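Novice: Return atomic coordinates for the entry below.
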Amino acid sequence: MNAPKIAEDAGRARESLRTMWRIRRFEEAVEELYGRGLMHGTMHLSIGQEAVPTAVCQTLRRDDYITSTHRGHGHCIAKGADPESMMAELLAKETGYCRGRGGSMHIADTATGNLGANGIVAGGVPIAAGAALSASMRGTDQVAVCFHGDGALGEGAWHEAVVLAAMWRLPVVFLCEDNHYGMSMSSRRAFGLADLSDRARGYGIPGVSVDGNDLQAVHDAAAEAVGRARAGEGPSLVVATTYRWRGHSKSDKNLYRTREEIEEWRAQDPIVRFERAVLEAGTLTATDLEQIGQEVRSELRTAVQRAHAAPDARPDDLLESVYAEVDA
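Specialist: Prediction:
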């Protein structure tokens, strides 16, 4: 008997909405802090893409691995990271995941299997293949999911890692978040493919494309790919077509997209779509949805306050994790 759809299961629906709203509110909070000059460096927001990490990480166990990207806040949160520790990291606090030294693009949380975000396009792809190789050599049934963008498909590291993973039938899923742009270059111009998942054919692995704003569609495709990997059947490529509402980074003046295009995709908000599905299924009420939203707002407000109050990273301690101390 098939399991009920996520929107038809009250517990799973609540958790899905809580995760998606947690990602959305976290990124809105850091965007505001950056605008007020309280957060430095840069950041890459994934507002509008919340369904992908939420759905994919639901198919994983805590001991499974993920690798992330420069646009990785959603992956971290969906895999179980603590928003307060993430916020502290972005605010350069000692209580951050990397003690305030990594910032937005380098959050890692090994306790939840998150091997780290990566500022290098496709930088996490060979790391995920390596984690999958480790699981294979140790004889576990752990799976690695490599989140990457459409731009990664043009990188040599992606090609090399997929070749290796296919050859050794490694338990890894290459999860492409096709948000239509690699910085300012449209993926439709960058690749001579109508469907990016067709790229999988050249490597002898399964490939599928799904609506990345449809939580259930992403979940089903990811579950199949993860199941194949866990059963020893090798890697898969899943392309989730979605859209980032914001620019590539905070310095992006967004001159390559029309306002009409952005508004068209905003109308396909994955959170609103899932809320509508839940209401139509009669699983949760409008009051339930409002309560979930309020709980997440309160959680993120507390996370920001506590992160602000944490001690700053100490400049005199900056090199502590760079060099090893070796006894003479």
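Novice: which residues of the stretch 51-200 of the chain fall in helices?
Specialist: Using DSSP state H, counting those that start in this stretch, the helices of the stretch 51-200 of the chain run over residues 51-58, 73-78, 83-90, 124-138, 156-168, 187-190.
Novice: And stretch 42-53, how far out from the chain middle?
Specialist: Distance, stretch centre to chain centre, for stretch 42-53: 7 Å (CA atoms, centre = their mean, to the nearest Å).
Novice: just stretch 168-175 next, same as before
Specialist: On CA atoms, centre = their mean, the centre of stretch 168-175 falls 17 Å from the chain's centre.
Novice: hmm, who's touching that stretch?
Specialist: By CB atoms under 8 Å, 6 or more residues apart in numbering, the list of residues contacting stretch 168-175 from outside reads 52, 56, 125, 128-129, 131-133, 135-136, 141-148, 158, 162, 164-165, 222, 225-226, 229-230, 232-238, 240. No exception for glycine: its C-beta is placed from N, CA and C like everyone else's.
Novice: If we use 7 Å, what do you get?
Specialist: Applying CB atoms under 7 Å, 6 or more residues apart in numbering, the contact partners of stretch 168-175 are 56, 128-129, 132-133, 135-136, 142-148, 162, 165, 222, 225-226, 229-230, 232, 234-238, 240.
Novice: For that stretch, what does the pLDDT average out to?
Specialist: On average, the pLDDT along stretch 168-175 is 98.
Novice: Can you show me the CA trace of that stretch as CSV?
Specialist: The C-alpha trace of stretch 168-175 is given here as CSV (Å, rounded to 0.1, in the frame of the first residue of the first chain):
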residue,chain,number,x,y,z
TRP,A,168,32.3,2.6,-8.9
ARG,A,169,28.5,2.7,-8.5
LEU,A,170,28.8,4.9,-5.5
PRO,A,171,25.8,5.7,-3.2
VAL,A,172,25.5,9.4,-4.2
VAL,A,173,22.7,11.5,-5.6
PHE,A,174,23.6,14.6,-7.6
LEU,A,175,20.8,17.1,-6.9
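Novice: Next one: the spatially most central residue of the chain from residue 256, what distance?
Specialist: For the chain, the residue sitting closest to the mean C-alpha position, by CA atoms, centre = their mean, is residue 75 at 2.7 Å. The gap separating residue 75 from residue 256 is 25 Å, by CB to CB, to the nearest Å.
Novice: how many neighbours does residue 248 have?
Specialist: 22 (other CB atoms under 10 Å).
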